[in-house]
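Asker: The sequence and its predicted three-dimensional model are supplied below.
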Amino acid sequence: MIRSFSSAALMGMILTACAEGIPPYSNPPAFADAQIAHDADGRCYGRVVTPALIQTVTDQVMVQPPEVLSDGTVTAPAAFRTVTRQEIVRERREVEFEAVCPADMTPEFIASLQRALTVRGYYSGSITGILDSRTRRAIQAFQGQAGMTSHLLDIRTARELGLIERTAAELGLATVGEN
């Protein structure tokens, strides 16, 4: 007998297995952290590449001026040529940012993320604890207000949403040793 499972059903089975004490899926799919790099201190960094923005500009260039008599009569109109060129409006950019590590994106964390985005009007789906396309679009929309164009969760966004603790500097507090 051949069985066919949808990805949602498979994820549900994995989450059920986790709840029953079976170890969670320890090796996330390659796409889950394809844009994440890890440093020696265990922090994760995301990378966003925004393409250059190019526009097409069309100009009329005069190739021959008009012939005009001394009394102002035009005997031959000016001749123009259409010139089309590409112009870079914004250069290609690569932005690296500290991101929430894939290992920290547990179903409980993702459910909290979904609730936080729901309260702010960016997520309207069910609270599933699954980092699905709807959740990624909500992350990208929320981060877009600050100019971040990634669906990867920026550590600053996670702090802003109250999902991880804020640093003393973010809270405006002096750290130990500062006066």
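Answerer: Sure thing, it's come through. Residues are numbered from 1 along each chain as shown.
Asker: three-state assignment of H151?
Answerer: Under DSSP: H, G, I helix; E, B strand; the rest coil, the three-state class of H151 is coil.
Asker: quick one, what contacts it?
Answerer: H151 makes contacts with R136, R137, I139, Q140, as judged by C-beta atoms under 8 Å, 6 or more residues apart in numbering. To be clear about C-beta, it is placed using only N, CA and C from the backbone, and glycine gets the same treatment.
Asker: Equivalent analysis for V74, please.
Answerer: Contacts of V74 by C-beta under 8 Å, 6+ apart are P66, E67, V68.
Asker: I figured the second one hits A79, correct?
Answerer: Meaning E67. No. Shown here, E67 and A79 do not form a contact pair, counting by C-beta atoms under 8 Å, at 10.4 Å.
Asker: so what's G125 closest to, chain neighbours aside?
Answerer: Leaving aside its chain neighbours, G125 sits nearest to R134 (4.6 Å; criterion: C-beta to C-beta, 6 or more residues apart in numbering).
Asker: Confirm that that neighbour sits in a helix.
Answerer: Yes. Under three-state DSSP, R134 falls within a helix.
Asker: How many residues are close by it?
Answerer: By the criterion of other C-beta atoms under 10 Å, R134 has 16 neighbours.
Asker: Would you agree it is in contact with S126?
Answerer: No. The pair R134 and S126 fails to qualify as a contact (C-beta under 8 Å) at a distance of 9.1 Å.
Asker: hey, what's in contact with both of the two?
Answerer: Going by C-beta under 8 Å, 6+ apart, no residue sits against R134 while also sitting against S126.
Asker: At which residues are the helices of this protein located?
Answerer: Counting by DSSP state H, the chain has these helices, from start to end: 7-19, 107-119, 133-144, 155-160, 168-171.
Asker: name the helices or strands packed onto the fourth one?
Answerer: Counting contacts by 3 or more C-beta pairs under 8 Å, 6 or more residues apart in numbering; DSSP states H and E, helix 155-160 is packed against strand 93-99, helix 133-144.
Asker: Now the residue positioned nearest the centre of the chain: closest residue in space that isn't a chain neighbour?
Answerer: By C-alpha atoms, centre = their mean, the mean C-alpha position of the chain lies nearest to S150, the distance being 1.1 Å. Nearest non-adjacent residue to S150, counting by C-beta to C-beta, 6+ apart: V48, 4.4 Å away.
Asker: contacting residues for that neighbour?
Answerer: V48 makes contacts with Q35, E94, V95, F97, M148, T149, S150, L152, as judged by C-beta under 8 Å, 6+ apart.
Asker: switch the cut-off to 10 Å
Answerer: 35, 93-97, 99, 143, 148-152, 154 (C-beta atoms under 10 Å, 6 or more residues apart in numbering).
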